[in-house]
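Trainee: please find the sequence and the predicted model below.
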Amino acid sequence: MRIERFAFSVESVEAVPGGWRLEGEPDYHPRHWPQQGERFSLACKESGRRRRDVDLVVVELTESYAIVRGAGGELLRDDDIVSGERTVADRTETRRAPAEAAAHLADILGLAPTADHAGNDRDWPIAETELGVTLPGDYRAFIDAYGPGSVDEHLHVCAPGAAEKWADLIEHHSYAHECVGAEFFGPGNWRRGLHLGDVSHWTSDRDDIPTWFEPGDDLISWGHTGNGDFLFWHVKPGTAADDWTVVFKERGPLWERYETGFADALAGLLTGAIQSEYLSRWLGGPHSYGR
């Protein structure tokens with residue numbers, strides 16, 4: 001079992017008979033929205049500021065308002081976020097084969113079958129030589145079929161040799177490494193070619209290096225958002241490319257790990273099977289992919 005959060009961003013509060021009406025919108029993917037009878041237990045401002053305990057039961061909820069009753073409604077203010085938690089079963093989905101995973105993602109995005117696409121083949125050896133790795137099969141299959149693009153106009157998937165800078169895999173990966181390099185090596189100490197897993201160059205305190213990242217590991221970035229967030233493969237020595245898992249780095253200091261590969265991670269985020277503090281609210285649908 002695992003804990004799943006739900007939340008509601010409050011734009012305005014109005015007392016109504018027996019409770020309060022909150023104008024605003026639910027956070028996360030629609031799959032994660034609070035259900036009737038569930039409880040909000042915490043109110044705060046963005047980034048967790050001004051935390052207040054509440055006990056508010058959801059009476060009714062839509063995409064634009066919530067009706068709640070209980071204790072603490074009088075404490076709510078405009079621009080608050082109210083949140084709660086539920087216990088759900090762990091994900092048990094078996095990891096798909098690369099071609100199957102790419103096809104499943106394409107189906108969720110409403111893309112035509114791979115056979116209907118031609119001419120998107122990439123010069124993979126150039127990119128893989130530059131990166132020093134063989135890239136995962138699900139990513140290669142998806143990019144060969146559909147090229148680079150934006151998922152739901154928010155999450156941008158890069159590809160080797162793309163004409164646009166935002167979409168070029170090597171260009172973006174280098175920029176992402178430079179941005180996260182400050183957390184590994186200290187401000188101003190990153191340089192092209194420096195391996196993130198080279199512990200001899202890490203900062204002495206290592207406070208900003210995630211605990212799951214071990215000496216010798218690496219990160220290869222394949223995507224980003226308009227908010228300045230990055231998506232990476234977590235590359236571990238001796239681990240096959242098709243077994244690399246995806247990690248997300250928000251613009252600030254925090255990370256998320258999705259424990260699955262490129263296509264299955266995106267599919268999970270789009271369907272709500274994977275919950276993200278930062279991405280879920282942007283990927284609730286309708287789904288699309290394009291430039």
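Mentor: Alright, I've got the coordinates. Numbering: from 1, shown residues only.

Trainee: do you have the strands of the stretch 151-291 of the chain handy? List them.
Mentor: For the stretch 151-291 of the chain, applying DSSP state E, counting those that start in this stretch gives strands covering 155-157, 218-225, 230-235, 245-249, 255-257, 289-290.

Trainee: name the residues that touch the fourth one?
Mentor: Which is strand 245-249. Outside strand 245-249, the residues that touch it by Cβ atoms under 8 Å, 6 or more residues apart in numbering are 176, 180, 210, 219, 229-234, 255-262, 265, 276, 278-279. C-betas here are computed from N, CA, C, even on glycine.

Trainee: packing partners for the longest helix along the chain?
Mentor: With secondary structure taken from DSSP state H, the chain has its longest helix at helix 169-185. With contacts taken as 3 or more Cβ pairs under 8 Å, 6 or more residues apart in numbering; DSSP states H and E, helix 169-185 sits against helix 124-131, strand 218-225, strand 230-235.

Trainee: in CSV, list the strands of the stretch 151-291 of the chain along with mean neighbour count.
Mentor: Converted to CSV, the strands of the stretch 151-291 of the chain look like this (neighbours: other Cβ atoms under 10 Å):
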stretch, mean neighbour count
strand 155-157, 22
strand 218-225, 21
strand 230-235, 22
strand 245-249, 22
strand 255-257, 16
strand 289-290, 17
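
Trainee: quick one: average pLDDT of the top strand by length along the chain?
Mentor: Longest strand of the chain, by residue count under DSSP state E: strand 2-16. The predicted model gives strand 2-16 an average pLDDT of 94.

Trainee: that strand pairs with which strands, and in what direction?
Mentor: Strand pairing for strand 2-16, determined by DSSP bridges: strand 19-26 (antiparallel), strand 81-88 (antiparallel).

Trainee: would you tell me what the next helix or strand after the first one is?
Mentor: With elements assigned by DSSP states H and E, the helix or strand that comes after strand 19-26 is strand 39-44.

Trainee: list the buried residues of that next one.
Mentor: Using 16 or more other Cβ atoms under 10 Å as the test for burial, strand 39-44 gives 39-40, 42-44.

Trainee: name the nearest residue to residue 192, sequence neighbours excluded.
Mentor: Of all residues not flanking residue 192 in the chain, residue 174 sits nearest, at 6.6 Å (Cβ to Cβ, 6 or more residues apart in numbering).

Trainee: do the same with residue 14
Mentor: Closest residue to residue 14 apart from its sequence neighbours, by Cβ to Cβ, 6+ apart: residue 21 at 4.6 Å.

Trainee: and the residue nearest to residue 61 when sequence neighbours are not counted, how many neighbours?
Mentor: If the residues on either side of it in the chain are set aside, residue 61 comes closest to residue 34, at 5.9 Å by Cβ to Cβ, 6+ apart. Under the neighbour criterion other Cβ atoms under 10 Å, residue 34 is assigned a count of 25.

Trainee: tell me if I'm right that residue 34 and residue 60 touch.
Mentor: No: with contact defined as Cβ atoms under 8 Å, residue 34 does not reach residue 60; the gap is 10.5 Å.

Trainee: what residues are shared contacts of these two?
Mentor: Common neighbours of residue 34 and residue 60, using Cβ under 8 Å, 6+ apart, are residue 66.

Trainee: low-confidence ranges, this protein, go.
Mentor: For the chain, applying pLDDT under 70 flags the ranges 47, 91-93, 114-121.

Trainee: state the number of residues packed around residue 178.
Mentor: 13.

Trainee: so it sits against residue 190, correct?
Mentor: Yes: at 5.3 Å, residue 178 counts as touching residue 190 under the criterion of Cβ under 8 Å.

Trainee: report the set of residues contacting both of those two.
Mentor: Common contact partners of residue 178 and residue 190 (Cβ under 8 Å, 6+ apart): none.

Trainee: next, the angle strand 81-88 makes with the helix or strand containing residue 70.
Mentor: Residue 70 is part of strand 65-71, with elements assigned from DSSP H and E. Taking axes from the mean of the first three to the mean of the last three Cα atoms, to 10 degrees, strand 65-71 and strand 81-88 form an angle of 80 degrees between their directions.
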